[in-house]
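3D, please:
(one chain, ligands or ions: 1)
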Amino acid sequence: MIKVLFVCLGNICRSPMAEAVFKDLAEKNGLQEQIKTDSAGIGGWHIGSPPHEGTQEILRRKGISFEGMLARQVCEQDLADFDYVIAMDAENIGHLRSMAGFKKAPRLGRLLDYVKESDAADVPDPYYTGNFNEVYQLVESGCRNLLESIRKEQNL
Ligand code: 4NP
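Numbers count the residues shown, from 1 in each chain. Purely as a prediction, here's the structure:
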């Protein structure tokens with residue numbers, strides 16, 4: 001079982017969107033038994049909350065389930081438990097690196113590292129920009145390429 005964790009700041013906008021999109025792609029590729037997907041936030045302000053209305057709206061429009069998804073805060077144990085920890089921006093990566101300290105970290109990367117043609121390195125935060133469509137496009141490309149990359153690396 002390969003475990004993938006998406007991380008953003010609040011775990012209500014970007015990372016739950018990525019979790020839902022990635023799970024949907026894994027299912028469509030028949031990999032739901034081989035890949036476990038979760039998401040978490042650097043901050044704990046929204047613990048227990050469902051995804052932001054903007055994320056819910058776009059996922060509903062695309063026919064992607066977010067059933068049962070509730071925000072949680074990332075913890076040190078996650079860095080030991082997950083094989084891939086995929087952050088949305090440089091700030092998230094900074095926090096995760098300092099949390100990991102000198103211990104062996106999992107494969108820690110940014111989602112847009114997987115989108116070579118993207119000018120952006122960070123997924124912009126729609127909590128502040130209000131642009132959930134732009135985020136969806138980036139998240140969708142990132143998730144597609146990430147899945148392809150994991151399939152190759154893990155022979156799935
Ligand atoms: P996210 O967006 O990191 O994409 O979930 C945010 C959500 C909430 C806050 C910041 C960013 N906040 O400060 O409450």
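
Give the pairing partners of the helix or strand encompassing Val4; include direction for each.
If you go by DSSP states H and E, Val4 is part of strand 2-8. If you go by DSSP bridges, strand 2-8 pairs up with strand 35-41 (parallel), strand 84-87 (parallel).

Would you mind putting the CA coordinates of the last one into CSV?
It stands for strand 84-87. The C-alpha coordinates for strand 84-87 follow below in CSV (Å, rounded to 0.1, in the frame of the first residue of the first chain):
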residue,chain,number,x,y,z
TYR,A,84,4.7,10.8,-0.4
VAL,A,85,4.0,14.1,1.3
ILE,A,86,2.9,16.6,-1.3
ALA,A,87,2.7,20.3,-0.3
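
Put the alpha carbons of the helix or strand following that strand into CSV.
Downstream of strand 84-87, the next assigned helix or strand under DSSP H and E is helix 90-100. C-alpha atoms of helix 90-100 as CSV (Å, rounded to 0.1, in the frame of the first residue of the first chain):
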residue,chain,number,x,y,z
ALA,A,90,7.0,26.7,-0.5
GLU,A,91,5.8,27.8,2.9
ASN,A,92,4.1,24.5,3.6
ILE,A,93,7.4,22.7,2.5
GLY,A,94,9.4,24.9,4.9
HIS,A,95,7.1,23.9,7.9
LEU,A,96,7.2,20.2,6.9
ARG,A,97,11.0,20.3,6.6
SER,A,98,11.5,21.8,10.1
MET,A,99,9.0,19.3,11.5
ALA,A,100,11.0,16.4,10.0
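
Show me which residues of this structure are close to the ligand?
Within the chain, the residues that sit near the ligand (Cβ under 6 Å from any ligand atom) are Cys8, Leu9, Gly10, Asn11, Ile12, Cys13, Arg14, Trp45, Asp125, Tyr127. (Each C-beta comes from the backbone N, C-alpha and C, glycine too.)
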